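**Q** Provide a 3D model corresponding to the input given below.
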Amino acid sequence: MATISTIYPLGSPQEHTPMCEKHDLTLDMTCEDCDEFICSQCAKTDHKDHDWKTISTAGSQRRRELKKTLGKVKEEDVKMMDEKIKKASEQMEDNQKCCDPEVSKLQEHYDAIVSKLDEIKKNFETKLRENLERKNAEVSKKKLVLEKKKEQIKDLVKFLEDKHGTMSDYSLIANLRDLINLVSDTDSDMEKGGYSVSYRRGDISEGSLESMMGQTFDLDDISVTETDSFQYGDECLSVLEAVDKDTCFVNDSRSEYFELIN
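**A** Residues are numbered from 1 along each chain as shown. Modelled structure (predicted):
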């Protein structure tokens, strides 16, 4: 509950009348035009052409009208405030109802972007792994060939070590030729088996991300004058709010809703 000092700007109801700061005189008059307390000097200068009265005269008038004034406040003004409070609550509920689908649209768009990004990521990852599998398959094949030739070379070397003394010159030369050919044929091109696909990062600046996410706009920031010049169907428009050059919200005097048109 408000304190007395808040309810009564001049203090308690019985407090002495304050002084005029400008003329250092008692504030014993009231200016009806300016709705403020003044002193006798103020009445002669700043408020000389205004409707002013002595506080006692104005107070007597207020007392005679007090019942009527308070009755109006209670019966009309307070009820009007109740209506405004009710409308404020309803407006808050309506605002929530309007906000929720917008947030849902944002979430749906965000989820769609994340889903698409996940799909793109999977495609990139598939390309990276497919290259790995293909290159490793090629290298594995070359590795098997080398391992087979290695065993052949080792067998031929042992054969020559054990039998060179008993074999003919023709046979020795032929076997050495085979050995040289096997050794020279082991230079498999391993460089072509190297991993060849790389990933290059894209632009993730705030501007590009905001462009991808879309935008918000406030209808209060958009206004159109001369709405009588516009017509939608058979009705003249009372409200025309542009979203962009192709889209706008319209409303006629009979409708309770806005309609989005392109």
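
**Q** And the pLDDT for residue 236?
**A** pLDDT recorded at residue 236 is 54.

**Q** and if you look at the one 4 residues further on?
**A** Looking at residue 240, its pLDDT reads 52.

**Q** can you offset everything so residue one is 35?
**A** Sure, I'll start counting at 35 from here, so that last one is residue 274.

**Q** How far off centre is the helix or strand that contains residue 164?
**A** Following DSSP states H and E, one finds residue 164 within helix 112-197. What separates the centre of helix 112-197 from the centre of its chain is 24 Å, taken as Cα atoms, centre = their mean, to the nearest Å.

**Q** What helices and strands are in contact with that helix?
**A** Other helices and strands packing on helix 112-197, by 3 or more Cβ pairs under 8 Å, 6 or more residues apart in numbering; DSSP states H and E, are helix 203-218, helix 240-247. (C-beta placed from N, C-alpha, C; glycine too.)

**Q** mind showing which ranges of the stretch 85-234 of the chain have poor pLDDT?
**A** Where the stretch 85-234 of the chain drops to pLDDT under 70, the residues are 220-225.

**Q** mind running it again at 80?
**A** 219-227, 229 (pLDDT under 80).

**Q** Now stretch 191-200: buried residues?
**A** Going by neighbour count (16 or more other Cβ atoms under 10 Å), the buried part of stretch 191-200 is residue 194.

**Q** Just the CA atoms of that stretch, as PDB, please.
**A** Extracted as PDB, the C-alpha positions of stretch 191-200 are listed here (Å, rounded to 0.1, in the frame of the first residue of the first chain):
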ATOM      1  CA  VAL A 191      68.200 -66.000 -53.900                       C
ATOM      2  CA  LYS A 192      68.300 -69.100 -51.700                       C
ATOM      3  CA  PHE A 193      68.200 -71.300 -54.800                       C
ATOM      4  CA  LEU A 194      71.100 -69.500 -56.400                       C
ATOM      5  CA  GLU A 195      73.100 -69.600 -53.100                       C
ATOM      6  CA  ASP A 196      72.600 -73.300 -52.800                       C
ATOM      7  CA  LYS A 197      72.800 -74.400 -56.500                       C
ATOM      8  CA  HIS A 198      75.000 -71.900 -58.300                       C
ATOM      9  CA  GLY A 199      78.000 -74.300 -58.000                       C
ATOM     10  CA  THR A 200      76.300 -77.200 -59.800                       C
END
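
**Q** Redo the helices and strands packed on helix 112-197 as TSV? Include distance to residue 157 and mean neighbour count.
**A** As requested, the helices and strands packed on helix 112-197 are arranged in TSV below (distance: least, Cβ to Cβ, whole Å; neighbours: other Cβ atoms under 10 Å):
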stretch	distance to residue 157	mean neighbour count
helix 203-218	44	12
helix 240-247	18	10
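
**Q** Out of those, which gets nearest to residue 64?
**A** With Cβ to Cβ, the closest approach to residue 64 among the helices and strands packed on helix 112-197 belongs to helix 240-247: 58.6 Å.

**Q** Centre of the chain to the closest one, how far?
**A** Averaged C-alpha coordinates place helix 240-247 at 10 Å from its chain's average position (Cα atoms, centre = their mean).

**Q** same question, stretch 203-213
**A** Between the centre of stretch 203-213 and the centre of its chain there are 81 Å (Cα atoms, centre = their mean).

**Q** Backbone torsions only: list them for residue 73.
**A** Summarising the backbone geometry of residue 73 under the convention degrees, to the nearest 10, its torsions are phi -100, psi 180.

**Q** go on, residue 58?
**A** Backbone dihedrals for residue 58, given as degrees, to the nearest 10, come out at phi 60, psi 40.

**Q** again with the one 4 residues further on
**A** The phi/psi pair for residue 62 (degrees, to the nearest 10) reads phi -110, psi 10.

**Q** Residue 55 now?
**A** Reported as degrees, to the nearest 10, the phi and psi values for residue 55 are phi -70, psi -30.

**Q** So what's the residue count around it?
**A** Burial of residue 55 is recorded as 8 neighbouring residues (other Cβ atoms under 10 Å).

**Q** Same question for residue 67, what's its three-state structure.
**A** Reduced to three states with DSSP: H, G, I helix; E, B strand; the rest coil, the structure at residue 67 is coil.
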